[in-house]
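J.: Quick one, what's the 3D model for this:
(one chain, ligands or ions: 1)
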Amino acid sequence: MQLRDNGLRFSPITVALHWAVAVLLLAIFALQAMIGQAIGDVQQMGKLQNLLGLMLFLVSIYRFWARVTAYHPLPVGTPNPIEVIISRSVAVSLALAMVLLPIAVWASRSAAGEVMGLPGGLSIPTVLPANPDLKAIVDVLFSIGASAFLAGLALHMFGALKNHFLLKNNTLKRMLGKHVEL
Ligand code: HEM
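T.: Purely as a prediction, here's the structure:
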């Protein structure tokens with residue numbers, strides 16, 4: 001099995017982890033919405049959300065390392081080089097954000113004096129001392145990072161849909177595992 005991306009194609013690991021991250025993120029957002037609406041057992045949902053966040057963080061460390069240490073496959077078709085540079089920079093930034101944003105959440109909860117519980121009675125140790133001023137700073141940094149991440153994700157998804165529906169090429173299908181000859 002091809003373990004790393006090369007100039008011709010993404011590895012199956014990249015493809016699987018790409019969609020695993022998208023699903024984890026969606027599940028975290030869905031849980032956040034349910035917690036906000038107080039639907040169901042809020043405490044259990046919070047623990048599950050912490051577990052999904054931890055998984056997202058660990059997968060994303062590997063993913064970011066893999067992205068910056070392997071070739072990004074050549075683009076499908078003949079896109080404008082500026083678009084290629086922008087789309088790749090956005091993709092790398094998204095991968096980095098999935099490492100940094102969970103750290104910011106962890107730091108914010110620690111600064112609030114909150115222990116992050118996990119299912120099964122486990123918990124994530126705090127990383128900072130409880131301090132409201134520190135929490136305020138971390139929260140500002142988190143909201144700047146989260147806004148930039150959401151804007152980048154919107155651009156990324158727009159690019160994927162534009163390639164699929166407007167340019168009618170195999171960019172999205174390649175990320176769904178289709179073998180594409182370049
Ligand atoms: C429905 C949501 C998404 C769609 C439709 C989508 C689509 C795509 C496509 C088509 C590519 C291949 C681009 C190319 O050929 O160069 C790609 C690559 C990439 N995407 Fe997404 N994506 C989505 C969500 C995400 C999310 C949530 C993240 C990270 C938070 C992300 C990060 C990346 C990265 C880092 C790459 C480069 C390949 C890699 O290392 O995984 N994407 N995406």
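J.: how about the strands in the chain?
T.: Read by DSSP state E, the chain holds these strands, from start to end of the chain: 116-117, 123-124.
J.: Could you say which of those is packed most deeply?
T.: strand 116-117 (a mean of 19; mean count of other Cβ atoms under 10 Å). No exception for glycine: its C-beta is placed from N, CA and C like everyone else's.
J.: so what strands line up beside it?
T.: Paired with strand 116-117 in the same sheet, following DSSP bridges, are strand 123-124 (antiparallel).
J.: Make CSV out of the strands of the chain and add distance to Leu8.
T.: Converted to CSV, the strands of the chain look like this (distance: least, Cβ to Cβ, whole Å):
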stretch, distance to Leu8
strand 116-117, 42
strand 123-124, 40
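J.: Quick one: closest of those strands to Asp5.
T.: Comparing the strands of the chain by their distance to Asp5 (Cβ to Cβ), the top pick is strand 123-124, with 31.0 Å.
J.: what's the average pLDDT for that closest one?
T.: Model confidence over strand 123-124, given as mean pLDDT, is 97.
J.: Is it possible to get JSON lines of the strands of the chain that adds distance to the ligand?
T.: Rendered in JSON lines, the data for the strands of the chain read as follows (distance: least, Cβ to the nearest ligand atom, whole Å):
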{"stretch": "strand 116-117", "distance to the ligand": "21"}
{"stretch": "strand 123-124", "distance to the ligand": "21"}
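J.: quick one, what contacts Arg88?
T.: For Arg88, the contacting residues are His72, taking Cβ atoms under 8 Å, 6 or more residues apart in numbering as the criterion.
J.: Would you mind giving me the confidence score for it?
T.: Among the per-residue scores, Arg88 holds a pLDDT of 98.
J.: same check, this time on Asp139
T.: In this prediction Asp139 is given a pLDDT of 98.
J.: Contacts made by stretch 170-182 with the rest, please.
T.: Outside of stretch 170-182, the residues within contact range by Cβ under 8 Å, 6+ apart are 8-10, 12, 15, 18-19, 73-77, 160-161, 163-164.
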